[in-house]
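Undergrad: Predicted model, plus sequence, below.
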Amino acid sequence: MRHDIPYARSGQAIGLLGGSYDPAHEGHAHITREALKRFGLDRVWWMVTPGNPLKPHGPAPLAERMARARAVIDHPRVVVTDIEARLGTRFTAETLKALFGLYPGVRFTWLMGADNLADFHRWERWDEIMQALPVGVIARPGERVAARTSPAARRFRAARLSGASAPLLAHASAPAWCLVNVPMVDTSSSAIRAGGGWRGAPG
Ligand SMILES: Nc1ncnc2c1ncn2[C@@H]1O[C@H](COP(=O)(O)OP(=O)(O)OP(=O)(O)O)[C@@H](O)[C@H]1O
Ligand SMILES: O=C(O)c1ccc[n+]([C@@H]2O[C@H](COP(=O)([O-])O)[C@@H](O)[C@H]2O)c1
């Protein structure tokens, strides 16, 4: 295995929390701890994107976002990685294809906050993503209804696991997704940027 990408052994259940992390904050740490507890995951990787393909303005430099992410989360089962920049991928569907090739036998689960499920149908090949791996969705303030009624939720209604079945998610066959209602933390990168506490990118 190349030493510049995280280690995972066959059979391990890894949650992928892709994000801009511009900057990382307590909300990311909170949903990560919840995801580890609820979805039967061995590890979570914070996959710090080179840039969200749907966001018109570039984020702060990757090295700064990585450093901040590492300062925010210090957990033995969480890895912060810039693997997408190393792979040269940006669209999640492409990243997953590369990861499946690099890590045969590893059980990946895609993780996201409820706001991302509400918009998921705008992602490139989103329906293929749903069919490629289990998806764990974590409640976010003000977003639960939009997530539950989103085009992705409706299209994959039959593949939804109840909250009580969340521990089975990581080993379920895709398509399978689960929205868990956890205590919520109302923090966002955009609020932090608006408060001026983070250098961020212009625009
Ligand atoms: N407080 C939170 N509660 C639930 N999910 C969250 C929270 N903060 C971030 N997430 C989720 O973490 C992932 C990465 O989020 P991201 O790095 O874009 O942070 P953000 O706070 O949503 O940023 P922005 O405010 O710029 O949109 C996304 O799936 C997002 O839904
Ligand atoms: O593949 C896509 O079309 C796509 C569109 C929007 C967002 N994503 C991914 O979703 C993750 C969350 O992005 P963000 O900016 O909301 O933190 C991050 O890994 C992005 O690369 C992916």
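TA: Received, thanks. Ligands and ions are numbered 1, 2, ... in the order given.

Undergrad: can you pull the contacts of residue 173?
TA: With contacts defined as C-beta atoms under 8 Å, 6 or more residues apart in numbering, residue 173 has no neighbours. Quick note: C-beta positions are derived from backbone N, CA and C, even for glycine.

Undergrad: Residue 6 now?
TA: Per C-beta under 8 Å, 6+ apart, neighbours of residue 6: 45, 79, 81, 83.

Undergrad: With residue 76 instead?
TA: Counting by C-beta under 8 Å, 6+ apart, residue 76 has no contacts.

Undergrad: Tabulate the CA atom coordinates of the longest helix along the chain in CSV.
TA: Using DSSP state H, we find that the single longest helix of the chain is helix 26-38. What follows is helix 26-38, C-alpha atoms only, in CSV (Å, rounded to 0.1, in the frame of the first residue of the first chain):
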residue,chain,number,x,y,z
GLU,A,26,-17.4,20.9,16.0
GLY,A,27,-20.4,19.9,13.9
HIS,A,28,-18.1,17.7,11.8
ALA,A,29,-16.5,16.2,14.9
HIS,A,30,-20.0,15.6,16.4
ILE,A,31,-21.5,13.8,13.4
THR,A,32,-18.4,11.7,13.1
ARG,A,33,-18.6,10.5,16.7
GLU,A,34,-22.3,9.8,16.1
ALA,A,35,-21.7,8.0,12.8
LEU,A,36,-19.0,5.8,14.5
LYS,A,37,-21.5,4.8,17.2
ARG,A,38,-24.6,4.4,15.1
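
Undergrad: hang on, the earlier thing: of all the contacts of residue 6, which two lie farthest apart?
TA: Across the contacts of residue 6, the longest distance by C-beta to C-beta is 9.3 Å; it joins 79 and 83.

Undergrad: okay, and the common contacts of those two?
TA: 6, 45.

Undergrad: My read is that residue 38 contacts residue 182, right?
TA: Yes. With contact defined as C-beta atoms under 8 Å, residue 38 reaches residue 182; the gap is 7.1 Å.

Undergrad: my guess is residue 127 is in a strand, correct?
TA: No. Checked against DSSP: H, G, I helix; E, B strand; the rest coil, residue 127 lies outside a strand; its state is helix.

Undergrad: Look up the closest residue to residue 107, ignoring the ones flanking it.
TA: Spatially, and ignoring its direct neighbours in sequence, residue 107 is nearest to residue 13 (4.4 Å; C-beta to C-beta, 6 or more residues apart in numbering).

Undergrad: how distant is stretch 138-153 from the center of its chain?
TA: Here stretch 138-153 is found 15 Å from its chain centre; the criterion is C-alpha atoms, centre = their mean, to the nearest Å.

Undergrad: Any residue of the longest helix of the chain touching ligand 2?
TA: No. Judged by C-beta under 6 Å from any ligand atom, helix 26-38 and ligand 2 are separated, with a smallest distance of 9.1 Å.

Undergrad: Report whether that helix contacts ligand 1.
TA: Yes. If you take C-beta under 6 Å from any ligand atom as the test, helix 26-38 does meet ligand 1, through 27, 28, 31.

Undergrad: ranges for the helices of this protein?
TA: Counting by DSSP H, the helices of the chain are 26-38, 62-72, 83-87, 92-102, 114-118, 126-132, 144-148, 151-155, 189-194.
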